[in-house]
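Trainee: Quick check, what structure comes out for this input:
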Amino acid sequence: MKDTASSPSWLRRARSLGCVLIGALLLMSTAFAGGRPSVFFDTDGYYLMGENVAQVIKRLPAAFMGDPKAMTTPVSDDDQIDVTIMGARSPTYGFFLFAIDRLAGVWMVAGAQALICAWIVFLLWKAAAPGAAHWTYLALLAGLTVGSTLPFFTTFIMPDVFAGVGAIGFVLATAFWGRLAWAERAGVFLVLAFAYVVHTSHMLTSIAMIVPAVLVLWLFKAPRTQVALGLALCVGAMVLAVLSSWTYDKAFTLRTGAILHRPPFLMARVLADGPGRDYLHKVCEGPDRPYVICRSAGAPLTRSDDILWEESPLLGAFNALKSPELQLRMEAEENAFVKGAVLNDPWGQLQASLGNWADQLTRISAHDPLRDPRQFLANEYWKTTRLVDLIPNPRECKPIGPGCKPPFDMSITKHVHELVILISLLFAGWRISRPDVRAALAERRAPWSHPAVPVIATALILMGMLVINAGVCGVISGAFSRYQARIVWLVPAAAGLIACALGSGLPPQAMVRIRRRFSRDAKAA
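Mentor: Numbering: from 1, shown residues only. Presented below is the predicted three-dimensional model:
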């Protein structure tokens with residue numbers, strides 16, 4: 001399957017398309033094995049937002065025809081949107097989910113995500129390893145399917161997988177602008193804008209990576225004009241993402257008069273970290289109680305999830321208020337409270353934040369995509385939501401049926417992923433230490449022209465994305481496995497790219513012996 005310049009263009013495109021389709025099917029294999037794509041608690045909220053967007057789109061023809069009430073009167077789902085928390089949900093991902101599900105079902109949603117993932121990895125493979133045989137891309141995807149978290153998050157009906165997709169799009173734009181056709185650049189732009197709009201953390205990670213990435217590319221003397229154009233594309237995608245969210249928020253306010261808010265994530269974080277609790281007890285003493293959170297001074301306030309979502313006042317704070325007015329007041333007071341807590345104990349908060357960052361780096365379990373759907377179908381609340389319709393073959397999940405838990409042991413899967421990450425890091429470090437790569441890195445006149453240098457820069461930027469993602473999520477929200485597991489597959493992906501672009505690095509004599517051994521084994525079989 002080696003592509004050559006003499007091959008007709010239609011044949012090259014057909015091979016590329018075939019590889020991407022096969023790659024998408026490989027990434028869906030875990031869902032095939034489990035019998036269904038997986039959902040999460042937040043999937044219901046995204047679906048509601050998407051349904052809301054679809055109802056508004058239906059009114060656009062009337063608005064264009066001059067109907068003044070088309071965009072100023074509420075749609076039927078507006079009253080179901082909780083304005084205290086739904087500002088944290090992406091209407092863009094919601095519409096992606098709702099529209100595809102209504103057209104072809106949840107399997108097609110998973111398929112669309114798999115296709116995007118397979119295509120963006122293919123584009124990076126083609127740019128980082130030009131001239132490599134197509135089978136190496138399929139080997140890369142097969143390796144990621146067997147040994148990484150990517151397939152579990154690809155068919156997870158949540159925006160998490162686009163954290164890694166956004167990281168690869170960033171690398172393609174900044175490091176490989178000159179190797180992309182115009183249509184490919186347009187595709188990367190759209191994928192980046194989508195990745196940035198579906199979750200704020202994806203954009204924050206890319207923003208924080210701009211300076212380190214520029215330093216890496218400058219050190220390796222990447223073409224400055226191309227790097228600048230790539231950064232401009234990334235910034236343009238960020239602007240489009242912000243405008244998209246802003247437009248939805250303003251349209252919702254125009255129809256309902258209400259403003260969408262986000263839960264007080266940072267307040268919950270500093271409380272769980274400790275400095276927030278110290279500040280709370282300091283300022284809430286006596287009759288003067290300046291914050292709504294003072295009502296929860298008797299609760300433990302040690303876990304951010306409990307602080308936000310626990311409904312019992314003995315454990316929670318935000319949901320425990322059971323009053324939208326008080327919840328909105330708590331959200332309005334968040335900035336002042338967080339500022340006060342940090343100023344009260346800046347060293348303590350710095351230590352806690354760095355600890356969360358380090359903790360997040362080590363949490364790579366894919367247990368959220370591997371949840372038993374019975375958790376939703378048997379719950380008195382969740383079984384009344386849209387999740388029931390998004391779980392294929394729900395009858396199998398009833399207690400009297402055979403069950404529908406995914407056929408993967410969470411502990412074994414995590415250990416496999418850890419082993420693959422370790423092997424990937426060892427291989428990458430060993431391959432970079434080989435004489436050919438060392439010579440390329442030592443060349444200071446035009447290092448970027450050497451095949452090894454761009455792929456090494458790619459690996460460094462992807463590893464930087466991994467570290468920064470842990471900081472963004474751990475410091476702002478807290479250390480949760482889903483946040484790091486969704487992107488840790490970039491480690492074996494980077495190692496695989498190094499292998500595709502540079503080969504194994506083994507001496508020719510060793511490669512000859514290996515080929516002979518495989519040939520003898522094949523004949524014996």
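Trainee: Name the spans of the stretch 301-450 of the chain whose pLDDT lies under the cut-off.
Mentor: Residues of the stretch 301-450 of the chain meeting the criterion pLDDT under 70: 398-402.
Trainee: Please disregard the earlier target; I meant the chain.
Mentor: In the chain (pLDDT under 70), the answer is 1-8, 286-288, 398-402, 505-525.
Trainee: Let's see that with 80 instead.
Mentor: For the chain, applying pLDDT under 80 flags the ranges 1-12, 68, 70, 286-289, 395-403, 443-446, 504-525.
Trainee: biggest helix in it, by residue count?
Mentor: In the chain, with assignment by DSSP state H, the single longest helix is helix 224-256.
Trainee: buried residues in that helix?
Mentor: For helix 224-256, burial by neighbour count (16 or more other C-beta atoms under 10 Å) applies to 226-227, 230-231, 233-234, 237-238, 240-241, 244-245, 248, 251-252, 255-256. (C-beta placed from N, C-alpha, C; glycine too.)
Trainee: what does stretch 94-109 give?
Mentor: Quick answer for stretch 94-109 (16+ other C-beta under 10 Å): 94-101, 106-107, 109.
Trainee: again, but for stretch 495-504
Mentor: Buried, per 16+ other C-beta under 10 Å, within stretch 495-504: 495-502.
Trainee: So which of the residues you listed sit within helices?
Mentor: 495-502.
Trainee: How many residues are close by Arg395?
Mentor: Other residues lying near Arg395 total 9 when counted by other C-beta atoms under 10 Å.
Trainee: Could you measure from it over to Gly35?
Mentor: Distance from Arg395 to Gly35, counting by C-beta to C-beta, to the nearest Å: 12 Å.
Trainee: what residues are shared contacts of the two?
Mentor: Overlap of the contact sets of Arg395 and Gly35 (by C-beta atoms under 8 Å, 6 or more residues apart in numbering) is empty.
Trainee: Between its first and last residues, how far does stretch 299-314 reach?
Mentor: 5 Å (C-alpha to C-alpha, to the nearest Å).
Trainee: for stretch 126-136, same thing?
Mentor: Start-to-end, stretch 126-136 (C-alpha to C-alpha) is 10 Å.
Trainee: thinking again about what came up before, from the ones in helices among the buried residues of stretch 495-504, which is closest to Leu271?
Mentor: Ala495 (39.5 Å; C-beta to C-beta).
Trainee: can you tell me how far the nearest residue to that closest one once chain neighbours are set aside sits from Ala470?
Mentor: Sequence neighbours aside, Ser424 is the residue nearest to Ala495 in space, at 3.7 Å (criterion: C-beta to C-beta, 6 or more residues apart in numbering). Counting by C-beta to C-beta, the separation of Ser424 from Ala470 is 17 Å.
Trainee: Report the buried residues of the helix or strand hosting Ala31.
Mentor: Element membership of Ala31, judged by DSSP states H and E, is helix 29-34. Residues of helix 29-34 classed as buried under the neighbour-count rule (16+ other C-beta under 10 Å) are 29-31, 34.
Trainee: Could you export the buried residues of stretch 94-109 as TSV, including secondary structure and distance to Thr149?
Mentor: Shown next, in TSV, are those (DSSP: H, G, I helix; E, B strand; the rest coil; distance: C-beta to C-beta, whole Å):
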residue	secondary structure	distance to Thr149
Gly94	helix	24
Phe95	helix	26
Phe96	helix	21
Leu97	helix	21
Phe98	helix	26
Ala99	helix	27
Ile100	helix	23
Asp101	helix	24
Val106	helix	20
Trp107	helix	20
Val109	helix	19
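Trainee: returning to that earlier point: just give me the closest of the buried residues of stretch 495-504 to Pro406.
Mentor: Among the buried residues of stretch 495-504, Gly496 lies closest to Pro406 (C-beta to C-beta), at 24.8 Å.
Trainee: Tell me if I'm right that that closest one and Leu140 touch.
Mentor: Yes. Gly496 is within contact range of Leu140, at 4.2 Å (criterion: C-beta atoms under 8 Å).
Trainee: hang on, isn't Ala112 packed against Leu97?
Mentor: No. Using C-beta under 8 Å, Ala112 is not in contact with Leu97; the gap is 9.5 Å.
Trainee: Distance across stretch 99-115, terminal residue to terminal residue?
Mentor: 17 Å.
Trainee: So what touches it?
Mentor: With C-beta under 8 Å, 6+ apart, stretch 99-115 has contacts from 20-21, 24-25, 27-28, 31, 36-37, 47, 50, 54, 96-97, 154-155, 157, 161, 390-392.
Trainee: about what we covered before: looking at the buried residues of helix 29-34, which one is closest to Ile210?
Mentor: Of all the buried residues of helix 29-34, Thr30 has the smallest distance to Ile210: 33.5 Å, by C-beta to C-beta.
Trainee: Let me see the contact set for that closest one.
Mentor: Here Thr30 is in contact with 145, 151-152, 155, 406, 408 (criterion: C-beta under 8 Å, 6+ apart).
Trainee: hmm, 7 Å instead?
Mentor: 151-152, 155 (C-beta atoms under 7 Å, 6 or more residues apart in numbering).
Trainee: What of Ala118?
Mentor: Applying C-beta under 7 Å, 6+ apart, we find Ala118 in contact with 20, 23-24, 27, 141.
Trainee: Strands - which of those land there?
Mentor: Of the contacts of Ala118, none are assigned to strands by DSSP state E.
Trainee: Pick the one among these closest to Met86.
Mentor: Leu27 (29.9 Å).
Trainee: hmm, back to that, closest one of the buried residues of stretch 495-504 to Val191?
Mentor: Nearest to Val191, judged by C-beta to C-beta, of these is Leu497 at 18.1 Å.
Trainee: Just to check, that closest one is in contact with Pro130?
Mentor: No. Taking contacts as C-beta atoms under 7 Å, Leu497 lies outside contact range of Pro130: 11.8 Å.
Trainee: one step back: show me the two of the contacts of Ala118 that sit farthest apart.
Mentor: Most distant of those, by C-beta to C-beta, are Val20 and Leu27, 10.5 Å apart.
Trainee: These two: who's more crowded?
Mentor: Neighbour totals were compared for Val20 and Leu27, and Leu27 leads with 28 against 22 (other C-beta under 10 Å).
Trainee: Now do the same contact list for that one.
Mentor: Contacts of Leu27 were listed using C-beta under 7 Å, 6+ apart, and they are 114, 117-118, 145, 150-151, 154.
Trainee: From the residues you listed, which land in helices?
Mentor: Among the contacts of Leu27, the members found in helices (DSSP H) are 114, 117-118, 145, 150-151, 154.
Trainee: and those residues as JSON lines, adding distance to Thr174?
Mentor: Output for the ones in helices among the contacts of Leu27, formatted as JSON lines (distance: C-beta to C-beta, whole Å):
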{"residue": "Ala114", "distance to Thr174": "25"}
{"residue": "Cys117", "distance to Thr174": "20"}
{"residue": "Ala118", "distance to Thr174": "22"}
{"residue": "Thr145", "distance to Thr174": "27"}
{"residue": "Leu150", "distance to Thr174": "22"}
{"residue": "Pro151", "distance to Thr174": "27"}
{"residue": "Thr154", "distance to Thr174": "24"}
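Trainee: closest to Ala479 among these?
Mentor: Leu150 (21.0 Å).
Trainee: and the closest one, how far is that from Gly23?
Mentor: Using C-beta to C-beta, Leu150 is found at 11 Å from Gly23.
Trainee: neighbour-wise, which of those two wins?
Mentor: Counted by other C-beta under 10 Å, Leu150 and Gly23 do not tie: Leu150 has more neighbours, with 29 against 25.
Trainee: which residue packs closest to that one, ignoring adjacent ones?
Mentor: Trp489 (4.0 Å).
Trainee: same question, Arg363
Mentor: Ser481 (4.3 Å).
Trainee: So the one you found versus Ile412, what's the distance?
Mentor: Between Ser481 and Ile412 the distance is 15 Å, computed by C-beta to C-beta.
Trainee: circling back to that earlier point, weed out the non-buried ones from the contacts of Thr30.
Mentor: 151-152, 155.
Trainee: what's the closest of the contacts of Ala118 to Glu311?
Mentor: Closest approach to Glu311 among the contacts of Ala118 (C-beta to C-beta): Leu27, at 37.5 Å.
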